[in-house]
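**Q** prediction below, plus the sequence it came from.
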Amino acid sequence: MRHLGRTVVAGLARPRPRSNNLGLRGSNAPAPPLPPPSSAAPRRGVRTATSDVITYMEVDRILRATSHFETLGLAEGVAVDVAKVRTRYQRLVMLVHPDKCTHPRAREAFEKVTTAQKMVGTSQQQQHKAASYVAKEANE
């Protein structure tokens, strides 16, 4: 028994399943197709040929570096903030980590970046502490 778009079953009225534009009824309908991905910006976490090329270039740059500052991509002789050293280190470590990078010499680059951070970071922290100590003494 049909009445105004509803099916009556055992005295209870319930809505009739509607058909979608694909001719299928109810919840068995497939999800609509996803729009094509934009070529301008790759999704996060997706490795592309471009990211592999950049990683290989960065590993080669690190291995060619002659100083710890050059390894981290920092200018020598310029006062560098401790946070800047830490940020550069974290970015490079994620980029050249042997488990993530397929470059055959990624382990060497990883060890070189770690050594450079220890040397530059330690000296920068000592300079920062010395400067804050001198400033504290001047205020007293």
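**A** Thanks, I have it.
**Q** the residue nearest to Val120 when sequence neighbours are not counted and Asp99: what is the separation?
**A** Leaving aside its chain neighbours, Val120 sits nearest to His68 (4.9 Å; criterion: C-beta to C-beta, 6 or more residues apart in numbering). Bear in mind the C-beta positions are built from the backbone N, C-alpha and C, glycine included. As judged by C-beta to C-beta, to the nearest Å, His68 and Asp99 stand 24 Å apart.
**Q** looking at those two, which is more packed in?
**A** Ranked by neighbour count (other C-beta atoms under 10 Å), His68 and Asp99 place His68 first, with 20 against 7.
**Q** any weak-confidence spans in the protein?
**A** Filtered on pLDDT under 70, the chain yields the residue ranges 1-32, 34-49, 128-130, 133-137, 140.
**Q** for it, what spans make up the helices?
**A** Here the chain has its helices, by DSSP state H, at 49-64, 68-72, 82-96, 106-139.
**Q** winner for burial among the ones you listed?
**A** By mean neighbour count, with neighbours taken as mean count of other C-beta atoms under 10 Å, helix 68-72 ranks first of the helices of the chain at a mean of 21.
**Q** contacts for it, please.
**A** Identification of contacts with helix 68-72 by C-beta atoms under 8 Å, 6 or more residues apart in numbering yields 62, 65, 75-76, 80, 85, 88-89, 92, 112-113, 115-117, 119-120.
**Q** and with 7 Å instead?
**A** 62, 65, 75-76, 85, 88-89, 92, 112-113, 116-117, 119-120 (C-beta atoms under 7 Å, 6 or more residues apart in numbering).
**Q** ok so, going back, could you dump the helices of the chain to a markdown table with distance to Pro33?
**A** A markdown table is the format used below for the helices of the chain (distance: least, C-beta to C-beta, whole Å):
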| stretch | distance to Pro33 |
| --- | --- |
| helix 49-64 | 26 |
| helix 68-72 | 46 |
| helix 82-96 | 34 |
| helix 106-139 | 39 |
